[in-house]
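Novice: quick one: sequence plus predicted model below, questions after.
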Amino acid sequence: MEQKTIKKIRNIGIVAHIDAGKTTTTERILFFSGKTHKMGEVHNGEAVMDFMKQEQERGITISSAAITADWKDHKINIIDTPGHIDFTLEVERSLRILDGMVMILSAADGVQPQSETVWHQADRYKVPRIAFVNKMDMQGADFFQTTEMMNDMLGANSVVFQIPIGKESGFEGIIDIVNMKAFTYSNIEVKAIDIPEEYLEISKKKHDLLIEKLSDFDDTLLEKYLDEKEISVEDIKKAARYAILHLLITPVFCGSAFKNKGVRLLLDAIVDYLPSPLERGVVLGYDVDDPKQTISRKPSYKRPFSAIAFKIINDPYVGQQTFVRVYSGELNSGSYVYNSTRRKKERVSRILKIRAKEREDVLSIKAGDIGALIGMKTTTTGDTLCDEKNQILLENIHYPETVVDMKIEPEIIKERDKLGIALNKMALEDPSFKVHFDNETEETVISGMGELHLDVIADRLKTEHRLNVKVGEPSVAFRETITQEVRHEYKYKKQTGGHGQYAHIDFRIEPNSGKGIEFVNKIKGGNIPREYIPAIEKGFKQTLEKGLIIGFPMLDVKFILIDGSFHPVDSSEMAFRLCTKLALQEIIKKSKPELLEPVMKIEINTPDEFMGDIIGDINRRRGKINNMRRYRKGSQKLDGFVPLMEMFGYASVLRTLSSGRSSFSMEYYKYSALPKSIQEKLIEESLKKKKQT
């Protein structure tokens, strides 16, 4: 019974580039599954899934929303995710816990920049996927060109499972290549018909091609195909499920969600082809005390409890909601759970099933479920929750780097503490948003993924926390690093009236390209007691957070603790922490530090006649266009890289250069060394500012 129940669960995400129709598709799924009785529309702010005020005003999804729908005796847990690059963490943490995803593509625009980003995020977590080519009724819609773009730009190995009847304003229906049936639509009514005569040849051709491709992954199907035996629909579906689960193919479906065409067939495809938690199999984790030792958890109610917290929302009515995906076991309301990441016990006062902004109390959640826990005090995004007697540590969530800073202060000075509390709550909800207080300038600085991200934060302070704030101009979030390996020995000795302070370390720091901040302890023989090692690591990391050149956090530095000594009376954790900080400050010049700037990946869609001016302008911004490809007849898609500091206000410049006919999107690519001349100018300005304060 348990296996049958889990087998009928689908945990899926709806993902796409902005404005491809994710939320509209989700709203239609809710309507046709009977979850809602009225279709909410994004353009008039009535979408169930876009429940934040900022989402309704802007007509975009900002925060991923979860809801459960029922279809053909299956429970489908759906997460509608944002499409704008500034909210990419929402997609990242959703994909971390999903079993499958539906990639929505606009038939008029094909594969867009965020489509590529999401695709590669899904590759990181090996998420099985199907594609839905939406907006088949739009001008310029081209189903087959979109499937070709999927292969060229995503390496999707796309396989057509449906083909459209007509296109653009003449889009009338869909031909199901698997069942060899056709469907036409009139408002919400659907009618099954025979395949129209003019589509018979292409339908048979695509049907044969589908079987031929699937035969590569299924010996039974291959045998029947070669022996020209009858191949049933179930034979095709079985082979397709295997190929999709193992990321061998991407089946492509089509429709127009806004016009209610193809959504019910998409629901059938979710049930037929995307995996249940059971098919996704065991989840792998690590031993809490020995990260090299792996532990597995089977999706079963009878196994020890394990789950991952993937999202936190502060609700004004019920307090902090901690969203979790359960991988094994069962959790009951009112019971205790162990946070193996923080090594702390937590009490679960209530368990909720979430329906976008609405909620329902339940007594328990089990393997395969997604729910929200109330009462968690220390749990944050990415933490593992488990049974204390059977501990496991699951893979954490990848967090992107922040690239834009903004100064912020309350209009009323007395509300500074209130602002600090509100910002810390938001940072807990959104790990891609950071806040810190600059002691030198006595300013609060917020950091995020882009201008829109920080604009939404400022807006939420006004609407949710009733705080009027003043914000500065967005600025680039630079970083620092080192380029030279240095070995150093440092002794910290201070005598006071009582106990003195003594710490002695021998260490090496070196560049750690692409591997982040790393601390390695190579102390042998107890020259420094084990209890002081975390203090040295803390001193190292705290120093790097504040930077060593002009105060920006450092990236890609490795600290190797080689030797040292201690005093049985005068040594302390504080002494070793201070020793580490002073030692690093002493050798900073020897390590040849440099400033880094965020470089963005940019994509520009432009008519041919404006290409020269646009490329010239990008070159003047220290950027580089490294690829041009035909996008539509008479227009090109330009791909390249450009420093973020050169791109503020670019939207209005591009409009001027192209008479409003070009568009662009950009996303963070990597941090790269600043040119020496700009680096020297920034250091000089920073020193002047320090003298003034």
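Specialist: Received, thanks. Numbers count the residues shown, from 1 in each chain.
Novice: C-alpha only now, for contacts and for neighbours.
Specialist: Fine.
Novice: for residue 580, which non-adjacent residue is spatially closest?
Specialist: Nearest residue to residue 580 in three dimensions, chain neighbours excluded: residue 539, at 5.5 Å (Cα to Cα, 6 or more residues apart in numbering).
Novice: and the helix or strand harbouring that neighbour, how far out from the chain middle?
Specialist: Using DSSP states H and E, residue 539 falls within helix 533-546. The chain centroid and the centroid of helix 533-546 are separated by 28 Å under Cα atoms, centre = their mean, to the nearest Å.
Novice: partners of the helix or strand encompassing residue 638, with directions?
Specialist: Assigned by DSSP H and E, residue 638 belongs to strand 635-643. The pairing partners recorded for strand 635-643 under DSSP bridges are strand 593-607 (antiparallel), strand 624-632 (antiparallel).
Novice: point out the most buried one among these.
Specialist: Among the strands paired with strand 635-643, ranked by average contacts under mean count of other Cα atoms under 10 Å, first place goes to strand 593-607 (a mean of 22).
Novice: so for the very next helix or strand once past it, what's the average pLDDT?
Specialist: Remark: after strand 593-607, the chain's next helix or strand is helix 611-620, criterion DSSP H and E. For helix 611-620, mean pLDDT is 93.
Novice: still on that earlier bit, what pLDDT is listed against the residue nearest to residue 580?
Specialist: The per-residue pLDDT reported for residue 539 equals 94.
Novice: next one: residue 451
Specialist: Confidence score, pLDDT, at residue 451: 79.
Novice: what do you get for residue 195?
Specialist: Here, the pLDDT recorded for residue 195 equals 94.
Novice: for it, which non-adjacent residue is closest in space?
Specialist: With sequence-adjacent residues excluded and distances taken as Cα to Cα, 6+ apart, residue 195 is closest to residue 182, at 5.1 Å.
Novice: before we move on, what about residue 425?
Specialist: residue 314 (7.3 Å).
Novice: pretty sure the one you found contacts residue 429?
Specialist: Yes: Residue 314 is within contact range of residue 429, at 7.4 Å (criterion: Cα atoms under 8 Å).
Novice: out of these two, which sits in the busier spot?
Specialist: Neighbours per residue (other Cα atoms under 10 Å) separate residue 314 from residue 429, with residue 429 holding more: 20 against 14.
Novice: what inclination does the helix or strand following the helix holding residue 539 have with respect to helix 533-546?
Specialist: Toward the C-terminus, helix 533-546 is succeeded by strand 557-565 as the next helix or strand (DSSP H and E). Taking axes from the mean of the first three to the mean of the last three Cα atoms, to 10 degrees, one finds strand 557-565 and helix 533-546 inclined to each other by 140 degrees.
Novice: for the helix or strand following strand 557-565, packing partners?
Specialist: Using DSSP H and E, the next helix or strand after strand 557-565 towards the C-terminus is helix 573-587. Here helix 573-587 touches strand 486-494, strand 501-511, helix 533-546, going by 3 or more Cα pairs under 8 Å, 6 or more residues apart in numbering; DSSP states H and E.
Novice: and the shortest one, which strands flank it?
Specialist: Translated: strand 486-494. strand 501-511 (antiparallel).
Novice: hmm, back to that, quick check: buried residues in the helix or strand containing the residue nearest to residue 425?
Specialist: Using DSSP H and E, residue 314 sits in strand 306-315. Of the residues in strand 306-315, 306, 307, 308, 309, 310, 311, 312, 313 count as buried by neighbour count, 16 or more other Cα atoms under 10 Å.
Novice: and of the residues you listed, the nearest to residue 100?
Specialist: residue 310 (16.0 Å; Cα to Cα).
Novice: residue 644 contacts residue 598, correct?
Specialist: Yes: using Cα under 8 Å, residue 644 is in contact with residue 598, at 5.9 Å.
Novice: redo the buried residues of strand 306-315 as a markdown table? Include distance to residue 652 and pLDDT.
Specialist: Output for those, formatted as a markdown table (distance: Cα to Cα, whole Å; pLDDT from 0 to 100):
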| residue | distance to residue 652 | pLDDT |
| --- | --- | --- |
| 306 | 50 | 95 |
| 307 | 46 | 93 |
| 308 | 43 | 91 |
| 309 | 41 | 88 |
| 310 | 37 | 84 |
| 311 | 35 | 82 |
| 312 | 36 | 81 |
| 313 | 35 | 79 |
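Novice: can you redo those residues as CSV with distance to residue 449?
Specialist: Compiled in CSV, the buried residues of strand 306-315 are given as follows (distance: Cα to Cα, whole Å):
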residue, distance to residue 449
306, 31
307, 28
308, 24
309, 22
310, 19
311, 17
312, 18
313, 19
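Novice: can you tell me which two in these are farthest apart?
Specialist: 306 and 313, at 20.9 Å, using Cα to Cα across the buried residues of strand 306-315.
Novice: list the contacts of stretch 550-558.
Specialist: With contacts defined as Cα atoms under 8 Å, 6 or more residues apart in numbering, stretch 550-558 is touched by 477-482, 509-520, 544-548, 683, 686-687.
Novice: the nearest residue to residue 635 once chain neighbours are set aside: what's it in contact with?
Specialist: Leaving aside its sequence neighbours, residue 635 sits nearest to residue 607 (Cα to Cα, 6+ apart; 4.0 Å). Residue 607 is in contact with 634, 635, 636, 661, 662, counting by Cα under 8 Å, 6+ apart.
Novice: out of those residues, which one sits closest to residue 243?
Specialist: Nearest to residue 243 among the contacts of residue 607, with distances taken as Cα to Cα, is residue 636, at 34.2 Å.
Novice: which one is that closest one nearest to, not counting chain neighbours?
Specialist: Nearest non-adjacent residue to residue 636 (Cα to Cα, 6+ apart): residue 630, at 4.7 Å.
Novice: is it true that the one you found touches residue 639?
Specialist: No: look at residue 630 against residue 639 with Cα under 8 Å: they stay out of range, at 11.5 Å.
Novice: how far away from the center of its chain is stretch 376-394?
Specialist: Distance, centroid of stretch 376-394 to centroid of chain: 21 Å (Cα atoms, centre = their mean).
Novice: please read the previous query as pertaining to stretch 128-141.
Specialist: 22 Å.
Novice: mind listing what's buried along it?
Specialist: Residues of stretch 128-141 classed as buried by neighbour count (16+ other Cα under 10 Å): 128, 129, 130, 131, 132, 133, 134, 135, 136, 137, 138, 141.
Novice: could you count how many residues lie near the nearest residue in space to residue 218 that is not next to it in sequence?
Specialist: Nearest non-adjacent residue to residue 218, counting by Cα to Cα, 6+ apart: residue 239, 5.7 Å away. Residue 239 has 21 neighbours, counted by other Cα under 10 Å.
Novice: against which helices or strands is the helix or strand hosting residue 239 packed?
Specialist: Here residue 239 sits within helix 233-245, counting by DSSP H and E. For helix 233-245, the elements it packs on are helix 197-214, helix 219-226, helix 263-273, judged by 3+ Cα pairs under 8 Å, 6+ apart.
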